[in-house]
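**Q** Take a look and give me a structure for this.
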Amino acid sequence: MKLNNKYYILRHGQALSNVKDIMSCWPEKGRFPLTQKGKKQIRAAAKKLKNQGIDLIFSSDLLRTKQTSEIISRALKIKPKYDKRLREQNVGVFNKRPIKELRFFLPPKGEKRFSAKLEKGETYNELKKRMYDFLKDINKKYKGKNILIISHELPLSLLEIKVKGISNKDFYQRKNQDKRLNTGELRELCN
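**A** Numbers count the residues shown, from 1 in each chain. As a prediction, the model looks like this:
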């Protein structure tokens, strides 16, 4: 797909769920706000964004991303649009459980991990399609805009590999090369 706009992706700032290593998706089964460190990360990202001429902000509607988008919104004076397609992976029965439990359940790496179905949840492939469908929709609707997308590590990482044409197999090689999207990290999304 040819990108008709300039896209930036931003992972939410550090949240309590990150500190406690707990999975948190929709519906939110706990309150996991941004930490003070997370708020500081996002204020730093907002400073970087001030010179990028951002026209639109799209955000996940989970608490930690809403708090992130509110900080960015105040700095840029742009009201965010919330879209449920930008939510964290639906981890089903693992919601509000320790991340290590999910890691134990999932195949370690490779194509099998992308198709592993979580009970009452979604696969990596389904998440990647959801994120890419979102991008196709806004790419069709807008032209020549600077657009910020605020979401979570896995959804943004899967969107990035899809846009760049990176295979599922090579996804883990990238993660091993420290291409991981850290909390509060801002990147330009380009192919």
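**Q** Next, count neighbours for the closest residue to Leu56 other than its chain neighbours.
**A** The spatial neighbour of Leu56 that comes closest, neighbours along the chain excluded (C-beta to C-beta, 6 or more residues apart in numbering), is Ile147 at 4.8 Å. (Each C-beta comes from the backbone N, C-alpha and C, glycine too.) Using other C-beta atoms under 10 Å, Ile147 is surrounded by 21 other residues.
**Q** The one 5 residues further on too?
**A** The number of residues packed around His152, counting by other C-beta under 10 Å, is 23.
**Q** Would you check how far apart it and Tyr172 are?
**A** 18 Å (C-beta to C-beta, to the nearest Å).
**Q** quick one: the residue nearest to Leu56 is in a strand?
**A** Yes: the assignment for Ile147 is a strand, going by DSSP: H, G, I helix; E, B strand; the rest coil.
**Q** OK, contacts around it?
**A** Each residue near Ile147 by C-beta atoms under 8 Å, 6 or more residues apart in numbering is listed here: 5-8, 54-58, 138.
**Q** Now the buried members of those residues.
**A** Listed as buried from the contacts of Ile147 are 5-8, 54, 56-58, 138; burial here means 16 or more other C-beta atoms under 10 Å.
**Q** okay, those residues in JSON lines with distance to Lys120, pLDDT and secondary structure next?
**A** Output for those, formatted as JSON lines (distance: C-beta to C-beta, whole Å; pLDDT from 0 to 100; DSSP: H, G, I helix; E, B strand; the rest coil):
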{"residue": "Asn5", "distance to Lys120": "35", "pLDDT": "98", "secondary structure": "coil"}
{"residue": "Lys6", "distance to Lys120": "37", "pLDDT": "97", "secondary structure": "strand"}
{"residue": "Tyr7", "distance to Lys120": "31", "pLDDT": "98", "secondary structure": "strand"}
{"residue": "Tyr8", "distance to Lys120": "33", "pLDDT": "98", "secondary structure": "strand"}
{"residue": "Ile54", "distance to Lys120": "36", "pLDDT": "98", "secondary structure": "coil"}
{"residue": "Leu56", "distance to Lys120": "33", "pLDDT": "98", "secondary structure": "strand"}
{"residue": "Ile57", "distance to Lys120": "31", "pLDDT": "98", "secondary structure": "strand"}
{"residue": "Phe58", "distance to Lys120": "26", "pLDDT": "98", "secondary structure": "strand"}
{"residue": "Ile138", "distance to Lys120": "28", "pLDDT": "98", "secondary structure": "helix"}
